[in-house]
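# Following is a predicted model, sequence given first.
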Amino acid sequence: MSVHLTDQDQFRDHISTADQRGKRLWIYPQKPSGRFYNYRKYLSYFFLLIFFGLPFLKCDGEPLFLFNVIEGKFIFFGTLFLPQDFPLFGLAMLTFMVFIVLFTAIFGRLFCGWICPQTIFMEMVFRRIEYWIDGDANEQRRLKNRAWDAEKTGKRVFKYSIFFIISFLIANMFLSYILGIDELGKIIVQPITMHKGLFFGLLFFSLVFFFVYTYVRENVCILICPYGRLQGVLLDNKSIVVAYDYVRGEPRGKLSKEIKAESLSDSRETGLASSAKGDCIDCGLCVKVCPTGIDIRNGTQLECINCTACNDACDEIMDKIHKPRGLVRYASELNIREKKPFRFTARMIGYTVVLLLLSGTFLRLFMNRSAVDGTFLRTPGIMYQKIDSQNISNLYNVKILNKSHFALGFDLKVEGEPDARIQMIGNHALHAEKGDYAVGEVFIIMPLSALHKRNTELKIGIYAAGKKMKEIKTNFIGPG
Ligand code: SF4
Ligand code: SF4
C-alpha cells in the first residue's frame with residue numbers, strides 16, 4: 001500500500017512494540033468507542049457465552065464437543081471420532097486451512113479482529129478490566145510512573161488477582177474441553193492429592209494465560225501467531241483490510257482555525273472538503289487507540305489485527321469536522337487507489353475450486369462414516385479345514401471397533417452367500433462397550449460348490465440390533 005514518506009519512516013526499521021535497540025515499548029492504547037467497537041463487544045459476548053457454555057451441553061449423555069487428546073477421543077456435535085478416523089480429521093484440517101487462505105485473501109485479518117480468542121480475551125476482557133481499574137491510557141501511564149504508594153499497590157494487587165482468577169477459569173474451561181465437564185467437576189471436589197498432575201498442569205496453564213494477558217499481550221499477534229506471520233503472502237492489493245484512504249486524506253495537516261471555519265461551512269453545504277489539504281487533520285487519534293501501537297496511515301502492516309479501533313476513532317473525528325466518515329475503513333488498495341469495487345480474482349477462484357472439492361470429499365466421507373469399523377483377517381499360518389465332503393472352513397481373527405455412544409452386540413453374515421455359515425469359537429458373543437473393541441475368532445464355513453478358485457473374496461456384513469453397520473472384505477482359501 002502507498003506510504004506517506006515524511007518523518008515517520010522509522011516504522012520500517014522496528015516493530016511497534018520495540019525500539020530500535022530491541023527494548024520493549026509498552027503500548028497504552030486509548031479506550032476505543034464507536035459503532036464497530038460496539039458490534040465487536042456484542043460478538044465477543046456471544047463467543048464468550050459459547051466458550052464457557054459449550055462444555056455443559058450434552059447429547060445422549062455425552063459432551064457435544066470433546067477434544068480428549070490424551071485418550072485420542074474427539075466428539076464433534078455429539079459424534080464420536082477415534083484415532084481410526086484420522087484420515088477424516090486430516091481432510092477436515094486441510095479443508096479448514098484452504099478456507100482460511102481463501103478467507104484471508106478476500107477479507108484480510110477479519111478473523112483476528114472479530115473472532116480470534118486471543119483478541120477477544122485481550123481486548124474485550126482483560127483490557128476492559130484494566131480500563132475499569134487503572135483508567136484510560138493517560139491514567140495508566142501516570143500510574144506506571146508513580147511511586148509504589150497504597151493506591152498503586154492496591155490497584156495492582158486487585159488487577160492481577162482478577163487477571164489470575166480469569167486465567168485460572170480459562171485454564172479450567174480448556175481442561176473441560178479435554179476431559180469433559182463431569183470429569184472436571186470430580187477433580188474440583190476431590191482432594192488435590194488424588195489429581196496432583198492435573199492440578200499442577202492447571203496451575204501451569206493458568207500462569208501461562210496470566211503471563212500472556214499481563215505481559216506478552218499484543219506481541220502474541222505480532223511475533224508469535226503463525227497466522228499473523230503468513231499475512232505477507234496471503235494478502236494482495238485486492239484484499240479487503242482496515243485501510244487509510246490516502247487519496248482522500250493526503251496531504252494531511254493540522255486544522256487551523258481559518259480552515260476549520262471554511263471546512264465547517266463548506267462541508268455543511270456540500271459534505272466535501274474544500275481546502276488544498278486532504279481530510280486527515282493529523283490528530284493522531286487513530287494511533288492513540290491502536291492496541292498494537294501502529295499508525296494505519298503508514299499502510300498495511302503486519303502488526304495490524306484489523307480491530308477497527310482506528311475506524312471508530314477516525315469516524316468520530318470526521319463527524320466532528322463535518323467530513324464524510326470512512327477515511328479509515330474496510331477497503332482494498334485497488335479500491336482506494338483506483339476507486340475500483342471488489343473483484344473476484346483468478347487466485348480467489350482457484351482457492352474456491354480447491355475448497356469446494358475438499359469440502360465435497362469431506363462431506364461425502366463424513367456422511368458415509370459408519371459407527372463401526374473392523375478387521376476380518378484369516379489367522380496366519382492356518383490353511384483351510386475340511387468339515388465334510390461338501391464343506392470347508394477358514395479360521396479368522398475378528399476385531400470390531402464400536403465408535404458409537406452405546407454398547408453394541410454384533411452379528412456377522414457372509415453377504416451374497418446364502419449357504420455360508422459363520423461360527424464363533426468359544427460361543428461368546430461379539431460385544432463392545434462404546435469406544436471399545438469386540439475381539440474374537442470365527443470360522444467361516446463355505447460349501448465347496450461356491451468356490452471356483454483357490455482364493456475367493458468374501459464380503460462380511462457387520463450387524464448391530466438387526467441393522468447393517470458396515471461391510472468389510474476378506475479372503476477365503478479353498479483347494480482351488
Ligand atoms: S491499525 Fe487500526 S485496525 Fe489495525 S490494529 Fe491498529 S487500531 Fe486496530
Ligand atoms: S484519526 Fe483520522 S484524521 Fe486523525 S490522524 Fe487518524 S486518519 Fe487522520
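Great, that's in hand. Numbers count the residues shown, from 1 in each chain. Ligands and ions are numbered 1, 2, ... in the order given.
# Which other helices and strands does the top helix by length along the chain contact?
Across the chain, the longest stretch assigned as helix under DSSP state H is helix 150-179. If contacts are counted by 3 or more CB pairs under 8 Å, 6 or more residues apart in numbering; DSSP states H and E, helix 150-179 sits against strand 66-68, helix 127-134, helix 181-189, helix 196-211. In this view, the C-beta of every residue, glycine as well, is placed from N, C-alpha and C.
# For Ile240, which of those is the nearest?
Among the helices and strands packed on helix 150-179, helix 127-134 comes nearest to Ile240, with 25.4 Å by CB to CB.
# For whichever helix or strand comes after that closest one, which outside residues touch it?
Next along the chain after helix 127-134, taking DSSP states H and E as the criterion, comes helix 137-145. Residues outside helix 137-145 that contact it (CB atoms under 8 Å, 6 or more residues apart in numbering): 26, 28-31, 130, 134-135, 152, 155, 288.
# and with 6 Å instead?
Helix 137-145 is contacted by residues 28, 30, 134, 152 when judged by CB atoms under 6 Å, 6 or more residues apart in numbering.
# Give the full set of residues in contact with the second one.
Shown here is Gln30, whose contacts under the criterion CB under 6 Å, 6+ apart are 137, 288-289.
# most surrounded residue in those?
Most neighbours among these, by other CB atoms under 10 Å: Val289, with 24 neighbours.
# Mind listing what's buried along the helix or strand in which Ile349 is found?
Ile349 belongs to helix 346-367 when assigned by DSSP H and E. Buried residues in helix 346-367, defined by neighbour count with 16 or more other CB atoms under 10 Å: 348, 351-352, 354-355, 358-359, 362.
# Just give me the least confident of those residues.
pLDDT is lowest at Met348 among the buried residues of helix 346-367; the value there is 83.
# Could you find the closest non-adjacent residue to that residue?
Nearest residue to Met348, sequence neighbours excluded (CB to CB, 6 or more residues apart in numbering): Ala105, at 5.7 Å.
# what's next to the helix or strand harbouring the one you found, contact-wise?
Taking DSSP H and E as the criterion, Ala105 maps to helix 86-107. Identification of contacts with helix 86-107 by CB under 6 Å, 6+ apart yields 234, 239-240, 348, 351, 354-355, 358-359, 362, 365.
# any idea which of those residues is closest to ligand 1?
Minimum distance to ligand 1 across those is 12.5 Å, recorded for Ile240 (CB to the nearest ligand atom).
# Contacts only, for that closest one.
So Ile240 contacts 107-108, 330, 332 (CB under 6 Å, 6+ apart).
# and if we set it to 8 Å?
Here Ile240 is in contact with 106-108, 110, 330-332, 335, 342 (CB under 8 Å, 6+ apart).
# Quick check: the residue nearest the centre of the chain vs Phe200, distance?
With distances taken as CA atoms, centre = their mean, Cys116 lies nearest the centre of the chain, 7.3 Å away. In this view, Cys116 and Phe200 are 28 Å apart by CB to CB, to the nearest Å.
# again, but for Gly72
In terms of CB to CB, Gly72 sits 23 Å off from Phe200.
# Check Phe52 too.
24 Å.
# ditto for Arg217
With CB to CB as the criterion, Arg217 and Phe200 are 25 Å apart.
# Could you break the protein into its assigned domains?
Split into domains by automatic domain parsing, the chain comes to 9-234, 241-338, 372-477.
# Format these as a markdown table; extra columns: mean pLDDT and distance to ligand 2.
A markdown table is the format used below for the domains of the chain (pLDDT from 0 to 100; distance: least, CB to the nearest ligand atom, whole Å):
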| stretch | mean pLDDT | distance to ligand 2 |
| --- | --- | --- |
| domain 9-234 | 92 | 11 |
| domain 241-338 | 85 | 3 |
| domain 372-477 | 90 | 55 |
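# winner for burial among the ones you listed?
domain 241-338 (a mean of 19; mean count of other CB atoms under 10 Å).
# So for it, first residue to last residue, what's the gap.
End-to-end distance for domain 241-338: 16 Å, by CA to CA, to the nearest Å.
# How about stretch 439-458?
20 Å.
# Give me the contacts around it.
Contact with stretch 439-458 is made by 379, 385, 387, 390-400, 412, 414-415, 417, 419-426, 428, 430, 473-480, as judged by CB under 8 Å, 6+ apart.
# got the contact list for Lys288?
The contact partners of Lys288, by CB under 8 Å, 6+ apart, come to 29-30, 137, 313.
# would a markdown table of these with secondary structure be doable?
Output for the contacts of Lys288, formatted as a markdown table (DSSP: H, G, I helix; E, B strand; the rest coil):
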| residue | secondary structure |
| --- | --- |
| Pro29 | coil |
| Gln30 | coil |
| Ala137 | helix |
| Ala313 | helix |
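# Which two among those residues are spaced furthest apart?
Between all members of the contacts of Lys288, the farthest pair (by CB to CB) comes out as Ala137 and Ala313, at 12.3 Å.
# picking up where we left off before, let's have the domains of the chain in TSV, adding distance to ligand 1.
Formatted as TSV, the domains of the chain follow (distance: least, CB to the nearest ligand atom, whole Å):
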stretch	distance to ligand 1
domain 9-234	6
domain 241-338	3
domain 372-477	44
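# Shouldn't Lys277 be within a helix?
No. Assessed with three-state DSSP, Lys277 is coil; it does not lie in a helix.
# close enough to count as contact, it and Arg248?
No. The criterion here is CB atoms under 8 Å, and Lys277 misses it with Arg248 at 11.0 Å.
# that older thread, what's the offset of the helix holding Ile349 from the middle of its chain?
19 Å (CA atoms, centre = their mean, to the nearest Å).
# send the alpha carbons of whatever helix or strand comes next after that helix over as PDB?
Later in the chain than helix 346-367, the nearest helix or strand by DSSP H and E is strand 372-378. Written as PDB, here are the backbone C-alpha positions of strand 372-378 (Å, rounded to 0.1, in the frame of the first residue of the first chain):
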ATOM      1  CA  VAL A 372     -18.500 -49.300  13.400                       C
ATOM      2  CA  ASP A 373     -15.100 -50.200  12.000                       C
ATOM      3  CA  GLY A 374     -13.300 -53.500  11.900                       C
ATOM      4  CA  THR A 375     -10.900 -56.000  10.500                       C
ATOM      5  CA  PHE A 376     -11.600 -59.600   9.500                       C
ATOM      6  CA  LEU A 377      -8.300 -61.400   8.800                       C
ATOM      7  CA  ARG A 378      -7.500 -65.000   8.200                       C
END
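# Just checking: what are the partner strands of strand 372-378?
strand 391-402 (antiparallel) (DSSP bridges).
# hey, C-alpha coordinates of the strand it pairs with in CSV?
The C-alpha coordinates for strand 391-402 follow below in CSV (Å, rounded to 0.1, in the frame of the first residue of the first chain):
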residue,chain,number,x,y,z
ASN,A,391,-17.9,-78.0,3.2
ILE,A,392,-14.6,-76.5,4.2
SER,A,393,-13.8,-73.8,6.7
ASN,A,394,-11.3,-71.0,7.3
LEU,A,395,-10.3,-69.5,10.6
TYR,A,396,-10.4,-65.7,11.2
ASN,A,397,-9.4,-63.2,13.8
VAL,A,398,-12.2,-60.5,14.1
LYS,A,399,-11.8,-57.1,15.6
ILE,A,400,-14.7,-54.7,15.6
LEU,A,401,-14.5,-51.1,16.9
ASN,A,402,-17.6,-49.6,18.3
